[in-house]
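*Asks:* here is a sequence together with a model predicted from it:
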Amino acid sequence: MPELPEVETIRRDLETKLLGHRVLGAQVLWEREVGYPDAPTFAAEIAGRDILALERRAKYLIVHLSEDASLLVHLKMTGQLLYVPRDTPPHQHARAVFALDGDRELRFVDIRKFGRLYLVPTGRLAEFAKVANLGPEPLAASFTVAALRALLASRRGHMKPLLLNQEFLAGMGNIYADEALFRAGLHPLRSAESLKPRDIARLHEAIVAVLEESISHRGSSINNYRDPAGQKGYHHVHLRVFNRADEPCLLCGTPISKIRVGGRGTHFCPRCQRLPRVAASRSHPVTRGLTRS
DNA sequence: AGTAGGACCTGGTGGC
DNA sequence: TGCCACCAGGTCCTAC
């Protein structure tokens, strides 16, 4: 599941390989993965453009091209962008192939067909709905404790779904939401309005730390994530709660709990991430038992 | 504004 | 061994 650290790793890798090169042509193998414009137009329009820059916004990879066009890629759960020699045998799950100068190809491989490609005018990128409604970047210098406090001031509801909301904060997914809450000592069902200044400061530190640590390990490969060379990241061995249900907490030894929150598998330590009694009875009457487990 | 549930998809897994 | 139900999750959509 590519989240911010995985997409950032891909961006950095591809930047060293793609800058200054040209897209000779594109072949769309599964038309529904092209979100805009229609697939034939997409393929025709991208041909002949030079690659000027690579940017990441939330979980989107943005490839800036010449003549006022940008390619937006969302990998969703199983998407991969593979940079390979042209004579590499075809991938079974390739959904689009971009021919590049220099006998290379960029292949968009996506087992589950959830990923999306968009080709939009660079000048109108900011108003493109997918980008326009995104919240702040957690690794930007402007994302301070005060900024997080301001974001939280107008929010209610549980912390886990809030961290997954891309309009609240851009780039967190299921893995790093669980990891950040663990690191901050906050229960996933903790209500946003119940956070004290001390909690917000810890959460801020936790969000930045888990994302930066993961980037330094080239992301987490729980299932399908691969970098442009087809290699796994190695941060998943450093995860403290995600995918560790029933295993001992690394801090206190208590078995990690797994519950469903907002329809998502959610991992936490019932001892290190206690739900305050008041918040428990007010926001979620059944959760008091969960803190014991 | 929030919550829930369905839709989109396929591969892997566990039960029988 | 084979079959099948079910699960995984990012985002969008609808309904409440």
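*Replies:* Perfect, thanks for sending it.
*Asks:* what's the weakest-modelled helix or strand in chain A?
*Replies:* Lowest by mean pLDDT, DSSP states H and E among the helices and strands of chain A is helix A:277-283, with a mean of 52.
*Asks:* quick one: the strands in the stretch 1-150 of chain A?
*Replies:* Remark: strands assigned in the stretch 1-150 of chain A by DSSP state E, counting those that start in this stretch are A:23-28, A:34-36, A:51-57, A:60-65, A:69-74, A:79-85, A:94-100, A:104-110, A:116-120.
*Asks:* now render those as TSV, adding mean neighbour count, distance to DNA strand B and mean pLDDT.
*Replies:* Using the backbone N, CA and C atoms, a C-beta is placed for each residue, glycine as well. Formatted as TSV, the strands of the stretch 1-150 of chain A follow (neighbours: other Cβ atoms under 10 Å; distance: least, Cβ to the nearest atom of the strand, whole Å; pLDDT from 0 to 100):
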stretch	mean neighbour count	distance to DNA strand B	mean pLDDT
strand A:23-28	17	14	97
strand A:34-36	18	11	94
strand A:51-57	18	21	97
strand A:60-65	21	17	97
strand A:69-74	21	12	96
strand A:79-85	21	12	96
strand A:94-100	20	10	97
strand A:104-110	22	9	96
strand A:116-120	21	10	96
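*Asks:* pipe those strands into TSV and attach distance to residue A:13 per row.
*Replies:* As requested, those are exported to TSV (distance: least, Cβ to Cβ, whole Å):
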stretch	distance to residue A:13
strand A:23-28	18
strand A:34-36	23
strand A:51-57	10
strand A:60-65	11
strand A:69-74	14
strand A:79-85	8
strand A:94-100	15
strand A:104-110	11
strand A:116-120	19
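*Asks:* and these as JSON lines, adding distance to DNA strand C?
*Replies:* Formatted as JSON lines, the strands of the stretch 1-150 of chain A follow (distance: least, Cβ to the nearest atom of the strand, whole Å):
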{"stretch": "strand A:23-28", "distance to DNA strand C": "19"}
{"stretch": "strand A:34-36", "distance to DNA strand C": "9"}
{"stretch": "strand A:51-57", "distance to DNA strand C": "10"}
{"stretch": "strand A:60-65", "distance to DNA strand C": "7"}
{"stretch": "strand A:69-74", "distance to DNA strand C": "6"}
{"stretch": "strand A:79-85", "distance to DNA strand C": "10"}
{"stretch": "strand A:94-100", "distance to DNA strand C": "14"}
{"stretch": "strand A:104-110", "distance to DNA strand C": "10"}
{"stretch": "strand A:116-120", "distance to DNA strand C": "8"}
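*Asks:* looking at the ones you listed, which is closest to residue A:161?
*Replies:* strand A:69-74 (19.9 Å; Cβ to Cβ).
*Asks:* parallel or antiparallel, which strands does the closest one pair with?
*Replies:* strand A:60-65 (antiparallel), strand A:116-120 (antiparallel) (DSSP bridges).
*Asks:* neighbouring contacts of the first one?
*Replies:* What it means is strand A:60-65. A:7, A:10-11, A:14, A:18, A:23, A:46, A:49-56, A:70-75, A:81, A:122, A:125, A:130-131 (Cβ atoms under 8 Å, 6 or more residues apart in numbering).
*Asks:* hmm, 6 Å instead?
*Replies:* A:7, A:11, A:49, A:52-55, A:70-74, A:122 (Cβ atoms under 6 Å, 6 or more residues apart in numbering).
*Asks:* for the strands paired with strand A:69-74, which one sits closest to residue A:143?
*Replies:* strand A:60-65 (17.5 Å).
*Asks:* tell me who's in contact with the residue in chain A positioned nearest to DNA strand B.
*Replies:* Closest approach between chain A and DNA strand B, counting by Cβ to the nearest atom of the strand: residue A:157, at 2.8 Å. Residues counted as contacts of residue A:157 (Cβ under 6 Å, 6+ apart) are residue A:192.
*Asks:* residue A:158 against residue A:189, yeah?
*Replies:* Yes. Residue A:158 is within contact range of residue A:189, at 5.0 Å (criterion: Cβ atoms under 6 Å).
*Asks:* with neighbour numbers in mind, choose between those two.
*Replies:* Set side by side, residue A:158 and residue A:189 show more neighbours around residue A:189, with 26 against 20, by other Cβ atoms under 10 Å.
*Asks:* contacts only, for the nearest residue to residue A:70 once chain neighbours are set aside.
*Replies:* Distances taken as Cβ to Cβ, 6 or more residues apart in numbering place residue A:122 nearest to residue A:70, at 4.6 Å, with adjacent residues excluded. Shown in contact with residue A:122 (Cβ under 6 Å, 6+ apart): A:64, A:68, A:70.
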